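>>> one predicted model, sequence on top.
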Amino acid sequence: ARIGHDWNKAYKKSARVVGDVFGKYHPHGDSAVYYTIVRMAQPFSLRYMLVDGQGNFGSIDGDSAAAMRYTEIRLAKIAHELMADLKKETVDFVDKNNRKRR
């Protein structure tokens with residue numbers, strides 16, 4: 001993966017991943033980023049989990065996930081299949097407003 005949280009690497013603190021995404025790609029609030037990660041780690045939310053998580057990511061009964069400082073994540077193996085063709089430039093990506101990242 002582009003930010004280095006591959007399925008075959010060690011788990012990383014969720015807060016670290018949220019900080020990476022917040023700082024590089026989505027500067028609109030860390031809670032939105034974390035809740036999205038949590039949903040992708042819940043086996044009852046999506047058909048295929050895109051995030052492999054360790055810790056409390058909530059329950060189907062509505063229990064909340066633990067704070068991001070208590071959970072660890074990495075991409076699920078299937079998430080790599082979704083991103084495999086990104087480098088084929090099927091989609092025209094544009095520079096962000098600071099022209100440093102796409």
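The structure has been received and is ready for your questions.
>>> pLDDT weak spots in the chain?
Residues of the chain meeting the criterion pLDDT under 70: 1-3, 96-102.
>>> let's see it at 90
Within the chain, the ranges that satisfy pLDDT under 90 run 1-7, 20-29, 80-102.
>>> what ranges do the helices span in it?
With helices called from DSSP state H, the chain shows them at 14-24, 30-41, 77-83.
>>> now the ones you listed in JSON lines, with distance to His5 and mean neighbour count?
For glycine as for every other residue, the C-beta is placed from the backbone atoms N, C-alpha and C. Listed next are these as JSON lines, based on distance: least, Cβ to Cβ, whole Å; neighbours: other Cβ atoms under 10 Å:
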{"stretch": "helix 14-24", "distance to His5": "6", "mean neighbour count": "17"}
{"stretch": "helix 30-41", "distance to His5": "10", "mean neighbour count": "18"}
{"stretch": "helix 77-83", "distance to His5": "9", "mean neighbour count": "14"}
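>>> distance to Phe57 for those helices - can I get that in a markdown table?
Converted to a markdown table, the helices of the chain look like this (distance: least, Cβ to Cβ, whole Å):
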| stretch | distance to Phe57 |
| --- | --- |
| helix 14-24 | 9 |
| helix 30-41 | 5 |
| helix 77-83 | 16 |
